[in-house]
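Visitor: Below are the sequence and a predicted model for it; my questions follow.
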Number of protein chains: 2
Amino acid sequence: MNIFAFLFSLLISIAAFLLAGWLYSWVNKQDSNNEKINGIAALIKSGANTFLKKEYIILAKFAGVLAVLIFVFLPEPIWKGSIGQNLTMAFAYLFGTVFSAFAGKIGIFVATIANKKTAEAATKGIKESFLSGFRGGAVMGMAVVGASLLGVTLVFHFTGNATMILGFSFGASSLALFAKAGGGIFTKTADISADLVGKVELGIAEDDPRNPAVIADNVGDNVGDVAGMGADLFDSHVASLAAALVMASSIDAVLGANTTVTLVFVYAALGLLSSIFGIVFAKMGKKGSPTRALNLSTYITTGIFTVLTAVVTLIFSFEWRIYLATIIGLLVGVIIGITTDYFTNDEKKPVRNVAEASKSGPALTIISGTSYGFLSVLPAMIGIAVSAFAAYKIAEPLGPGYALFGISMAAVGMLSIVGMIISNDAYGPIVDNARGLAEMGGLGEDVIRITDELDSAGNTVKAVTKGFAIGAAGLTVISLLGAFISEVNDAAIAQGLVSAGQAFITGFDIMDPAVFFGLLVGAAVPSVFSAMLMLGVNRNAERMVAEIHRQFEEIPGLLEGKEGVVPESDKCIEIATTGALKELIPAGLFAIIITVVVGIFGGVYAIGGFLAGNIVSGLLLALFMSNSGGLWDNGKKFIEAGNHGGKGSDAHKAAVVGDTVGDPFKDTAGPSINTQITVVSLVASLLAVIFLTMSIF
Amino acid sequence: MNIFAFLFSLLISIAAFLLAGWLYSWVNKQDSNNEKINGIAALIKSGANTFLKKEYIILAKFAGVLAVLIFVFLPEPIWKGSIGQNLTMAFAYLFGTVFSAFAGKIGIFVATIANKKTAEAATKGIKESFLSGFRGGAVMGMAVVGASLLGVTLVFHFTGNATMILGFSFGASSLALFAKAGGGIFTKTADISADLVGKVELGIAEDDPRNPAVIADNVGDNVGDVAGMGADLFDSHVASLAAALVMASSIDAVLGANTTVTLVFVYAALGLLSSIFGIVFAKMGKKGSPTRALNLSTYITTGIFTVLTAVVTLIFSFEWRIYLATIIGLLVGVIIGITTDYFTNDEKKPVRNVAEASKSGPALTIISGTSYGFLSVLPAMIGIAVSAFAAYKIAEPLGPGYALFGISMAAVGMLSIVGMIISNDAYGPIVDNARGLAEMGGLGEDVIRITDELDSAGNTVKAVTKGFAIGAAGLTVISLLGAFISEVNDAAIAQGLVSAGQAFITGFDIMDPAVFFGLLVGAAVPSVFSAMLMLGVNRNAERMVAEIHRQFEEIPGLLEGKEGVVPESDKCIEIATTGALKELIPAGLFAIIITVVVGIFGGVYAIGGFLAGNIVSGLLLALFMSNSGGLWDNGKKFIEAGNHGGKGSDAHKAAVVGDTVGDPFKDTAGPSINTQITVVSLVASLLAVIFLTMSIF
């Protein structure tokens, strides 16, 4: 690795941390004088910490066991390879979990401060409130991408071995699985239970402080949406760099140079730099809307990245074809975001039609929302397909190994502005919480209206960033398929199956029965994985509903809202936390174990098919669930804005059913599939040697 | 083709028609003396005929246009090939549509007679009523499989060219698309509208004669479930034979013999013969349940087929490996059926849990049902994967071309007992209608109870046969992928791209960007296709609900049930018919056009990936939608049987929402996906020359 690229990456990651620090102190300096709000915010903060602590304890055990397994088996079984290599891999793995956990912790920490500041800032005006929410989210964005770039840079610099980045990446993924899926179960358990008892049974407001699940619901916004989403994108960002670096290293080994690896680092660092600019300059104009401000900052970041990388490519004579592949990835990401917006924006036909259908009852809400969700996968699937195809074709003429590297750079390109994406995304739950605090703190109608507007922008942008995240995960795992082939070939050379410089496998023929076998089984995995998570939410919600009923029955004066009577919120948090982690583990183990079984049964070809099937159906289901969930959410909001009879009408009741169904779709299962396909791809790459040498068929 | 095999196939198909004739006359001889029932049955019959007539008129135009296109372009553009070939292909195509239409027409004709006979037979006892319903359904089973075998036999005998069977098969598929998807939209439009206004708004009984949509709903059972399902399985049966014959011909061409083709016909004919035995001997035992009787007949047929083919294989020295591949297909079909039963049977955990979840409102009904639907895909996907893998490996040692032929024979095996499957499946809507007639005709509680029991058995068995149909379609389209390769290679030889005996392509490498591109786009197609159908149902249901409201408002005395006031049922039938055909055409065209676009854009490799993606996601979604739909249906029935508060309870209301959502899942979109993937596979095979010579990349 070029020392210049190393220092540049290091410098930019440190700059990101500095910016995060400055943003944090800015947010922290804002006013927060309302005692009631501060009290509730403290409850939310302590609830979030309860969850994180419990999660990290379980995760530490899990990571410990995995680290030992890695030490024994990876990259080669210890009795065949070197202890030093295996030890490095185990440490790289642990390093990945720690970095990811650290970024998540910072994000939560700031988010639980920013929510009360944003609520209070809304008393001054929408511009002030927006900035507070946005900058709170940006701390998360900077921490995540700074940690990702720093970690990858350090691991690569000190080991000089791209395979170790796969270990680091696996660490990030296994944490993301806990954070995203566990957090997703937590947040939806609380959300559904609060709604079912509060809104549906008792007809009280969403954030009514009498409801014991309301605090848990607010905690959920933080642990699921802030920490979970951050871990998810940390994972994608690291994985995209890992895949690109594995292939770049192979290319450089042939070239006898380090230009390709250097290019990957420089581009990644420029992406982070562009996000830094975008964040620093983001603010709401005088007459602007918050949605516009968020989108504008994304476009500005995209523009800066496009220009900066072009300049650098010119100066350092990088390959223009790689530049093009990268930019194509980025542009397709933006296009996927825009089409996602079409399906979830309440000014467009799909949301309008679903709201209209709700007049005929919840069944038609579900059928029409499901249908639009199914429709919505097409543009994104075509976008990913076209960008992968184009990146491959553009990079192919550069020589062997470049074609797949081109795809991996499209993924890097799509994820280049992820710092900005995370900032926008974390903004959502912060303002959502701020809205709740404003209501619970009695800040008045005008303030609630402002926070409502900010919240609505958060929802719109969230749908866009989710489409972006899924697209990026798709391209990343496609390039991880390339990384898997690299790993198998390296292993085959090491095992003496082929001589150095020769390829053991070059691809996976669909007509090979092992590949087709893998394709079918792999396609079923995301479906089963999401089913297990959603059933987990259901079971957990049943437990929590029972607890809420108990409290309303047993605590005198709670239901009547008697002064001084407060619900036992911590009991609900406890149920959500324990249940989430209990329900998540079988789903995660299922995905990993079936990968190992298919690999042992059918060998590397079956795994190739398995990964392809997993990617294809994973993308399909993730897009379907995220988009239909977002659509139902906004359909409900559209009716609540006074259409089709507004709140309390039959259409509204039907829309609430749609929204409740959409909750685990969009916040638990849908986005967790991203992580699941990454985890499975990394497991396959890491176990390449084992599948190569120990399979039955 | 061996003359013995030709005569044997001919003989058995004629035997099937004779049995159908005998069964018809038996059913027709049963009593039907209730004037009121006869009147309603006549309305249903005339409604069904209205739909069929309209459908066949549109279909005739559509088929005419396609026949001309086929004549001009297929198997080769007319200016390159021979007019005679193209004319034969166009006729084979038309022949396929006519045979399928004929079988559908007979099925409907008998079903609309059997329903009233079954209702009246229920006054004598459950055994008599069961036999009437079963034998009515068996007419359909015999007509469909007899027509399929006869058509394939004749086309192959007179053309001696397996490619022409693809034309015949495409004819069957294009009709199945109309019958299954169009009928599916019709039946669910009527069902949902009748339920929404009748059960939900007015709280009147399911088959209340005041409801203008009730007759349309009953008509829908016939056009969607009887004719549509028959066309679907006709299509699968023909397609499985087409794929097997294309590959058998290639093998025989190399061998210079006709044993392989002979084997295909003999096995297919033995399958039909086994079904004949199974039908003749089916009856309810003294203390038996109807479910048991139906399942027993399936197992008996399976046993007979296994023994008969073994004897024939021994006598004629067929390859035992092919025998094994065939039997594996059949056994896996049975296993898929049994696992499907687990997810939809009201005595098992999934249905029980969904019913339980319904107590907390419709949102949890939907979430839990969706989750179990997602889970349910796993055993079937693994079953299809294992059977394809095993059949390939077992047949592979026989020589080149045998491996894929083995998969196609597994499909033939799975579909061998399709005559029996269709009989069981058509039984369902007949007894469902009988139940409605018993209620509308006022035959009393005891009779309704008997028809209820018969109906419940129909629902259970229907879930099993649907799993079976999807599994068979899966294996069939996998072997059509093999047929596509055969077609491309034949075309490449004809075009002089490779010399005779050489292969132009042998497979599709997932790492080839064109293949991966196709994989992603192909995977999105079933999702979009089902979305279009379901949105069609929604739009159509909205029109019909408006019409029902109009009638209740404008027809004096209708709502009050005044003597002599009848609803204008024909208006509802008219709306369902016109809407169904209008909504279906864009969906069908979408699937065909995107296939052509991908082929022209990316060539044969992109199409290979496209078909694989289409198969994988098609199976996934078809299984998900069919099973979750069946599960919701039985969950509702379980509650109606008096559990969780029974009819009218909140749990019941929630379960009705689930059932309504499940209706288009299981009866419109889910099963139509089968047809969609077959159509797309056949279009690809037929256009192989065009994609080979005219693609952009």
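Guide: Yep, it's here.

Visitor: From now on I want contacts and neighbour counts done on CA atoms only, so please keep to that.
Guide: OK.

Visitor: doesn't A:Ala391 make contact with A:Ile328?
Guide: Yes. With contact defined as CA atoms under 8 Å, A:Ile328 counts as touching A:Ala391 (7.2 Å).

Visitor: Mind listing the shared neighbours of the two?
Guide: Common neighbours of A:Ile328 and A:Ala391, using CA atoms under 8 Å, 6 or more residues apart in numbering or on different chains, are A:Ala410.

Visitor: who's more crowded, those two?
Guide: A:Ala391 (31 against 23; other CA atoms under 10 Å in any protein chain shown).

Visitor: That one - nearest residue in space that isn't next to it in sequence?
Guide: A:Ala325 (4.6 Å; CA to CA, 6 or more residues apart in numbering or on different chains).

Visitor: list the contacts for the closest residue to chain B within the stretch 351-500 of chain A?
Guide: Going by CA to the nearest CA, chain B is nearest to A:Ser371 of the stretch 351-500 of chain A, at 4.2 Å. With contact taken as CA under 8 Å, 6+ apart, A:Ser371 is in contact with B:Ser530, B:Ala531, B:Met532, B:Met534, B:Leu535.

Visitor: Would you agree the first one is in contact with B:Asp667?
Guide: What it means is B:Ser530. No. If you go by CA under 8 Å, B:Ser530 and B:Asp667 don't touch, sitting 11.2 Å apart.

Visitor: What is the neighbour count of A:Glu396?
Guide: Neighbour tally, A:Glu396, other CA under 10 Å: 18.

Visitor: Comparing B:Ser530 and B:Asp667, which residue is more hemmed in?
Guide: Using other CA under 10 Å, the more surrounded residue of B:Ser530 and B:Asp667 is B:Ser530, with 30 against 26.

Visitor: Tell me which helix or strand that one sits in.
Guide: helix B:513-554 (DSSP states H and E).

Visitor: can you give me how far that helix is from the chain middle?
Guide: 18 Å (CA atoms, centre = their mean, to the nearest Å).

Visitor: Now the element after that helix, going C-ward?
Guide: Next along from helix B:513-554, by DSSP H and E: helix B:569-640.

Visitor: Give me the mean pLDDT for the next helix-or-strand element following that next one.
Guide: Using DSSP H and E, the next helix or strand after helix B:569-640 towards the C-terminus is helix B:650-664. When pLDDT is averaged over helix B:650-664, the result is 92.

Visitor: repeat for stretch A:60-74
Guide: 87.

Visitor: just stretch A:622-638 next, same as before
Guide: Stretch A:622-638 comes out at a mean pLDDT of 92.

Visitor: which residues are in contact with it?
Guide: A:340, A:343-346, A:350-352, A:354-355, A:369-370, A:372-374, A:376-377, A:380, A:459, A:463, A:466-467, A:470, A:652, A:655-656, A:658-659, A:661-667, A:669-671, A:673-674.

Visitor: What lies in contact with stretch A:329-349?
Guide: A:302, A:350-352, A:372-373, A:376, A:379-380, A:383-384, A:387, A:391, A:409-416, A:460-461, A:463-468, A:471-472, A:627-628, A:630-631, A:634-635, A:638.

Visitor: 7 Å - rerun?
Guide: A:350-352, A:376, A:379-380, A:383, A:387, A:410-411, A:413-414, A:460, A:463-465, A:467-468, A:471, A:627, A:630-631, A:634-635, A:638 (CA atoms under 7 Å, 6 or more residues apart in numbering or on different chains).

Visitor: Quick check: closest non-adjacent residue to A:Ala531.
Guide: That would be B:Ser371: by CA to CA, 6+ apart, it lies 4.2 Å from A:Ala531.

Visitor: and the next element down the chain from the helix or strand hosting A:Gly84?
Guide: According to DSSP H and E, A:Gly84 maps onto helix A:83-121. Downstream of helix A:83-121, the first helix or strand assigned by DSSP H and E is helix A:126-159.

Visitor: Mind checking what helix or strand follows that next one in sequence?
Guide: Toward the C-terminus from helix A:126-159 - assigned by DSSP H and E - lies helix A:162-176.

Visitor: Now for the residue nearest to A:Ala190 when sequence neighbours are not counted: which residues touch it?
Guide: Excluding its sequence neighbours, the residue lying closest to A:Ala190 (CA to CA, 6+ apart) is A:Asp217, at 4.7 Å. Shown in contact with A:Asp217 (CA under 7 Å, 6+ apart): A:Thr187, A:Ala190, A:Asp191.

Visitor: Include secondary structure when you put those residues into CSV, please.
Guide: Putting these into CSV (DSSP: H, G, I helix; E, B strand; the rest coil) gives the following:
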residue, secondary structure
A:Thr187, helix
A:Ala190, helix
A:Asp191, helix
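
Visitor: quick revisit: so which other helices or strands are in contact with the helix holding A:Gly84?
Guide: For helix A:83-121, the packing partners by 3 or more CA pairs under 7 Å, 6 or more residues apart in numbering or on different chains; DSSP states H and E come out as helix A:35-73, helix A:126-159, helix A:162-176, helix A:229-255, helix A:418-440.
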